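The sequence and its predicted three-dimensional model are supplied below.
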Amino acid sequence: MQEAIEKLQQAVNESNYIVFFGGAGVSTESGIPDFRSQDGLYSQKYKYPPETIVSHSFFMRKTEEFYDFYRDKMIFMDAKPNAAHLKLAELEAAGKLKAVITQNIDGLHQAAGSKEVLELHGSTLRNYCMNCGKRYDGVKYIVESAGVPKCEDCGGVIRPDVVLYEEGLDNSVIRRAVDHIARADLLIIGGTSLVVYPAAGFIDYFHGRHLAVINMSETSRDKAADILIQGKIGEVLSQITV
């Protein structure tokens, strides 16, 4: 692994347009469980499968049950950025990293100081009234409300600004993400199994010099990568100097 990390360091040194594409594995070192690991949400038992609960149709039909699960399993008020988040913010501040493209909804990249963060699946930190559109930033109002959170102004249902199953991604976010990937000379894929589409398909737009994959398990892009590291992404990136 050390040889691969040294190769990643050399690629970082040589590159001027680095883009990071990450998933749930980036936040596991902050205490946020992923969905697909052995201990992830998909392996746990609920009245309904997790992928059903976080779907648009379930949210509309059984809003209170959605929020019971959402508050319990998808909001982590005490989570803090880990070494991966901090190193990416450091790389951006140094002018090396141009964008973080994330499938996560926890806001930890911004908390670490990253500026150009494209959240493909939205964020738990943004919420809005489905009736009048009033914004509720942060998770405090959601956590402290009982049952289905209602708007203070009109009484409408508040929903998180996250992309649920059966919903499409934001087209403007897609365009910006694809543009960054297409312009990258180094694309670092980290902490993602690359099985969630359409997000995983954006990697096809990369035609740069170096492709690095850092993940605990195999991914569909391992064979295409010239830098392949199986390990915890925080532990790997913390060894990279700017």
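Perfect, I can see it now.

going forward, measure contacts and count neighbours with C-alpha atoms only.
Fine.

Would you indicate which residues of the helix or strand bottoming out on mean pLDDT in the chain are buried?
Of the helices and strands making up the chain, the lowest-confidence element is helix 50-53, at a mean of 90, by mean pLDDT, DSSP states H and E. For helix 50-53, burial by neighbour count (16 or more other C-alpha atoms under 10 Å) applies to 50, 53.

That one packs against which elements?
Under the contact criterion of 3 or more C-alpha pairs under 8 Å, 6 or more residues apart in numbering; DSSP states H and E, helix 50-53 touches helix 63-73.

ok, then the element right after the helix it packs on?
helix 83-93 (DSSP states H and E).

Reduced to three states, what does the residue most central in space within the chain come out as?
The chain has residue 104 as the residue nearest its centroid, 2.0 Å off, counting by C-alpha atoms, centre = their mean. Classification of residue 104 using DSSP: H, G, I helix; E, B strand; the rest coil returns coil.

Enumerate every residue touching it.
Residues near residue 104 by C-alpha atoms under 8 Å, 6 or more residues apart in numbering: 22-24, 27, 119-123.

mind running it again at 10 Å?
22-27, 34, 118-124, 162, 192 (C-alpha atoms under 10 Å, 6 or more residues apart in numbering).

do residue 91 as well
Residue 91 makes contact with 12, 18, 97-99, 114, 240-242, according to C-alpha under 10 Å, 6+ apart.

Just the pLDDT at residue 39, thanks.
If you check residue 39, the pLDDT there is 48.

what do you get for residue 195?
Note for residue 195: predicted pLDDT of 85.

Quick one: neighbours of it, just the number.
Residues within reach of residue 195, counting by other C-alpha atoms under 10 Å, total 12.

Likewise for residue 208?
16.

cool, and residue 235?
13.

do residue 146 as well
By other C-alpha under 10 Å, the residues close to residue 146 number 12.

What are the neighbouring residues in contact with it?
64, 67-68.

just to revisit the earlier point, give me phi/psi at the residue nearest to the centre of the chain?
When read as degrees, to the nearest 10, the backbone of residue 104 gives phi -80, psi 160.

Which pLDDT value goes with it?
If you check residue 104, the pLDDT there is 96.

are any of the contacts of residue 146 buried, and which?
The neighbour count (16+ other C-alpha under 10 Å) marks 64, 67 as buried among these.

This protein: helices as residue ranges?
Under the criterion DSSP state H, helices of the chain are mapped to 2-14, 50-53, 56-61, 63-73, 83-93, 108-112, 140-144, 171-183, 233-237.

what about burial for the contacts of residue 91, which qualify?
With burial judged by 16+ other C-alpha under 10 Å, the buried subset of these is 12, 18, 97-99, 114, 240.
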